[in-house]
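>>> Sequence and computational prediction follow.
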There are 2 protein chains.
Amino acid sequence: MTITIKDIAKAADVSTATVSKVINGKMYVSPATRENVLRIMKELNYVPNASAANLARRSNKTILYADNFYKGAPYKNPHMFDIICGVSHELSRKGYHLSLLNLDSCGKHPKELFEEAILSHSADGIILSGVFATPQIERLMLRYDFPQICIGKPDFDTLLSWIDINNMLSANLAVEHLFSCGSRKIAFMGDHETDKIFMDRLRGFRAAMETVGLEVRDEYIAYNDPDINAIYEAATRILELSDPPDGIICTNGLMAVGTIRAIEVKGLSVPEEIELVAFDDYPYSPAVSVPPTVIDIDLFSLGVQAGNLLLKRVRDPAMLIQTYTALPRILERDTTRTKSKIT
Amino acid sequence: MTITIKDIAKAADVSTATVSKVINGKMYVSPATRENVLRIMKELNYVPNASAANLARRSNKTILYADNFYKGAPYKNPHMFDIICGVSHELSRKGYHLSLLNLDSCGKHPKELFEEAILSHSADGIILSGVFATPQIERLMLRYDFPQICIGKPDFDTLLSWIDINNMLSANLAVEHLFSCGSRKIAFMGDHETDKIFMDRLRGFRAAMETVGLEVRDEYIAYNDPDINAIYEAATRILELSDPPDGIICTNGLMAVGTIRAIEVKGLSVPEEIELVAFDDYPYSPAVSVPPTVIDIDLFSLGVQAGNLLLKRVRDPAMLIQTYTALPRILERDTTRTKSKIT
DNA sequence: CTGAAAGCGCTTACAG
DNA sequence: CTGAAAGCGCTTACAG
């Protein structure tokens, strides 16, 4: 019924070893017999049995992506799935498979799941969300010398590999953009101080403000709950300051929605009287009456790079990867206008 | 180095056959020797080699999820990923793995990728987006008798298995809810007529209106581009009709944003003067100043069911699954108020 | 209730 | 440049 390497060998009148060599294309086979074997494989519609190859070669050509894939996760954090798309893209280009390891759905401790995955030899490497990177997991990975890369820098000094985005850099970009558009009094609409990403952006904001020689005013910084009406009110308060800002950075899209509404209600014109830059194009940009200029972070390409680096690590066990990447870029739309465009 | 079934057999002083039997828990083993083997497995931290087991048992315990995982897909269609989460949840509960088959990233035709997947025996079954279900793919799946289930009913008569949501039913629910809240003149803010989901909802809307004995007025139905300002204007037009509606159904969240803004600007009070129900809680509900009542469709559980049914099909090759599921439910918030609540 | 042995379909030193 | 043969680590009739 199903046809095997033996059938090909027989039909081509060579050994299975030779067929294997042409399948894998590494060892030398004479062009003539290679062509012949290839032709017969095609004729018989032969595809090697993956399990058998995996067993013999001690490698599955599969990478695990470990995270909590809980109900609603894609709504709460679509970015994570864009990363997965990038990983999948890169891996399938390289002939690898991507398998999901759901840390969330069977009551077992992640450590147990990781160890099973490693010991069962069901993958060549693993990509895991940085939030699962604990010293315990670090020990596990290092003990088995299992190729791994964390998405997001673990919050302790570690020998694990990781890749992360540079939030300070993107805040810097926001400030520079507003500055080049003419803003001199820049406000910052932020999340709570417990939000790590926001705090990194705030730090980048402060640093960039100093660089361009602008003052950071306490009354220009708001810490908000994710509540649209509260955001609206906070923005209104800032706009009604006796000396109001002429530029605003919003740490996420929801902030931008509330802030833009406040600006409209106050009757200020955008971008003439006040300019605005927000982080995250998704999801709110289409729902805002004046399309906001936005700092977009390419998480797909973060995924591509994570996949690429992990594959390198699979080949070179000595490699340690710890890097910031995923450069931000400005999508200029209607809430800012660059002066003096260089064309 | 890595420890195998032989090591366990030796340590437990039994044959590898016996160890295998306790691992798989199917054939009979005396309680005493079972306990002993189990204990030793634990002691030696033994996990069976998955590739070897796969080869011997001719089954990988893995299911493929095939779709285009292109850059930005999770923003454009987060629902698909919620389905994947549901599938992953169900499969990992049942000891199966979920592997992504990216149809988008290597220039090969999907048919080729499917055939390779089948012939390489790298999975026990496949879940694929219904848009890839063509007669050609149908022939392929049926020829190899490969367990499959499409997410979304294929648009031709087919022997493929599929699972889909019932958009007519959810529209029905929207109408019934508005009716029970007192609305009698109901408008419908829709997508273009080319949108299949919208057209199903519109059909359900018409049917439900007839059932409750209300008239469907042409001027109450708008076909919109996904442009927030255009939606706002269309909604305004409808609200300014000489005989305006007292209830509105929005076929998606963006429609709701634009419509609610139009309602606010016209100074109508919600839900007193006009009520509104929208489809899709995500992503816009948090960005609207008055939280909309919404029809939520549980796609995670659609995924759970898809996984569950496919696994049944893997066991019973004769099974054909064709079913509507993923029942919609109302999340009542501030844009409607149910009269006569039964408490 | 348990084990010897064949087999799953490949890959890879090794010898020639 | 090619092939014989061992081996990867399990599972599963089959016999006892």
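Looks like it came in fine. Computed from a prediction, not measured in an experiment: that's the story for all the values here. Residues are numbered from 1 along each chain as shown, chains lettered A, B, ... in the order given.

>>> can the helix-or-strand element of chain A with minimal mean pLDDT be found next to chain B?
Least confident helix or strand, chain A: strand A:322-325 with a mean of 88, by mean pLDDT, DSSP states H and E. No - applying Cβ under 8 Å from any Cβ of the partner chain, one finds strand A:322-325 separated from chain B by no less than 15.7 Å. From N, CA and C alone the C-beta is placed, and that goes for glycine too.

>>> Pull up the pairing partners for that strand, direction included.
Applying DSSP bridges to the sheet, strand A:322-325 is found paired with strand A:162-165 (parallel).

>>> and chain A, what are its domains?
A:5-57, A:62-160, A:168-296 (automatic domain parsing).

>>> could these go into TSV alongside distance to B:Thr194?
Output for the domains of chain A, formatted as TSV (distance: least, Cβ to Cβ, whole Å):
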stretch	distance to B:Thr194
domain A:5-57	38
domain A:62-160	25
domain A:168-296	19
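
>>> which residues are in contact with stretch A:77-91?
With Cβ atoms under 8 Å, 6 or more residues apart in numbering or on different chains as the test, stretch A:77-91 has contacts from A:63, A:65, A:67, A:73-74, A:97-98, A:127, A:129, A:151, A:282-283, A:299-308, A:311, B:69-75, B:78, B:81, B:100, B:102, B:104-105.

>>> Give me the contact list for the least confident helix or strand of chain A.
Contacts to strand A:322-325, defined as Cβ under 8 Å, 6+ apart, come from residues A:Lys153, A:Ser161, A:Trp162, A:Ile163, A:Asp164, A:Ile165, A:Asn166, A:Leu169, A:Ser301, A:Leu302, A:Gln305, A:Leu309.

>>> change it to 10 Å
By Cβ atoms under 10 Å, 6 or more residues apart in numbering or on different chains, the list of residues contacting strand A:322-325 from outside reads A:149-150, A:153-154, A:158-169, A:298, A:301-302, A:304-306, A:309.

>>> bridging residues for A:Ile127?
Counting by DSSP bridges, A:Ile127 is bridged to A:Tyr65, A:Ile149.

>>> could you say what helices and strands the host helix or strand of A:Lys111 packs with?
Take DSSP states H and E as the rule and A:Lys111 turns out to sit in helix A:110-119. Helix A:110-119 makes packing contacts with strand A:62-67, strand A:97-102, strand A:125-129, helix A:135-143, helix B:50-57 when contacts are defined by 3 or more Cβ pairs under 10 Å, 6 or more residues apart in numbering or on different chains; DSSP states H and E.

>>> want to throw the ones you listed into a markdown table with mean neighbour count?
As requested, the helices and strands packed on helix A:110-119 are exported to a markdown table (neighbours: other Cβ atoms under 10 Å in any protein chain shown):
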| stretch | mean neighbour count |
| --- | --- |
| strand A:62-67 | 24 |
| strand A:97-102 | 24 |
| strand A:125-129 | 22 |
| helix A:135-143 | 15 |
| helix B:50-57 | 19 |
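
>>> wait, which of the domains of chain A is closest to DNA strand D?
Closest approach to DNA strand D among the domains of chain A (Cβ to the nearest atom of the strand): domain A:5-57, 3.2 Å.

>>> Briefly note if that closest one comes near chain B.
Yes - contact of domain A:5-57 with chain B (Cβ under 10 Å from any Cβ of the partner chain) involves A:45-57.

>>> For A:Thr338, give its distance to DNA strand C.
Distance of A:Thr338 to DNA strand C, given as Cβ to the nearest atom of the strand, to the nearest Å: 56 Å.

>>> An error on my part: the question was meant for A:Asn252.
Distance from A:Asn252 to DNA strand C, by Cβ to the nearest atom of the strand: 48 Å.

>>> just A:Asn167 next, same as before
The gap separating A:Asn167 from DNA strand C is 43 Å, by Cβ to the nearest atom of the strand.

>>> what sits against that residue?
A:Asn167 touches A:196-205, A:251, A:279, A:297, A:324, A:328, counting by Cβ under 10 Å, 6+ apart.

>>> Just the pLDDT at it, thanks.
Listed pLDDT for A:Asn167 reads 88.

>>> Need phi/psi at the closest residue to it other than its chain neighbours.
The shortest distance from A:Asn167 to any non-neighbouring residue, by Cβ to Cβ, 6 or more residues apart in numbering or on different chains, is to A:Asp200 (3.5 Å). A:Asp200 adopts backbone torsions of phi -60, psi -40, taken as degrees, to the nearest 10.

>>> And A:Asp200, how far from DNA strand C?
According to Cβ to the nearest atom of the strand, A:Asp200 stands 44 Å off from DNA strand C.

>>> In space, what's closest to the residue of the stretch 151-300 of chain A found nearest DNA strand C - neighbours in sequence excluded?
Residue nearest to DNA strand C within the stretch 151-300 of chain A: A:Ser161 (24.9 Å; Cβ to the nearest atom of the strand). Nearest residue to A:Ser161 in three dimensions, chain neighbours excluded: A:Ile321, at 4.0 Å (Cβ to Cβ, 6+ apart).

>>> Then A:Leu320?
Of all residues not flanking A:Leu320 in the chain, A:Ser161 sits nearest, at 5.9 Å (Cβ to Cβ, 6+ apart).

>>> just A:Ser170 next, same as before
Counting by Cβ to Cβ, 6+ apart, A:Ser170 lies nearest to A:Pro328, which is 3.7 Å off, once chain neighbours are set aside.

>>> what number of residues lie near the one you found?
The number of residues packed near A:Pro328 is 19, by other Cβ atoms under 10 Å in any protein chain shown.

>>> Return the per-residue confidence for it.
89.

>>> which ones are touching it?
By Cβ under 10 Å, 6+ apart, the contact set of A:Pro328 is A:165-167, A:169-174, A:279, A:294-298.

>>> ok, back up a step: which of the contacts of A:Asn167 sit farthest apart?
The span of the contacts of A:Asn167, defined through Cβ to Cβ, is set by A:Thr251 and A:Tyr324 at 18.6 Å.

>>> Looking at the two now, which is surrounded by more residues?
Legend: neighbour count by other Cβ under 10 Å for A:Thr251 and A:Tyr324, higher for A:Thr251 (28 against 14).

>>> Wait, the more buried one touches A:Lys196, no?
No - using Cβ atoms under 10 Å, A:Thr251 makes no contact with A:Lys196, being 11.7 Å away.
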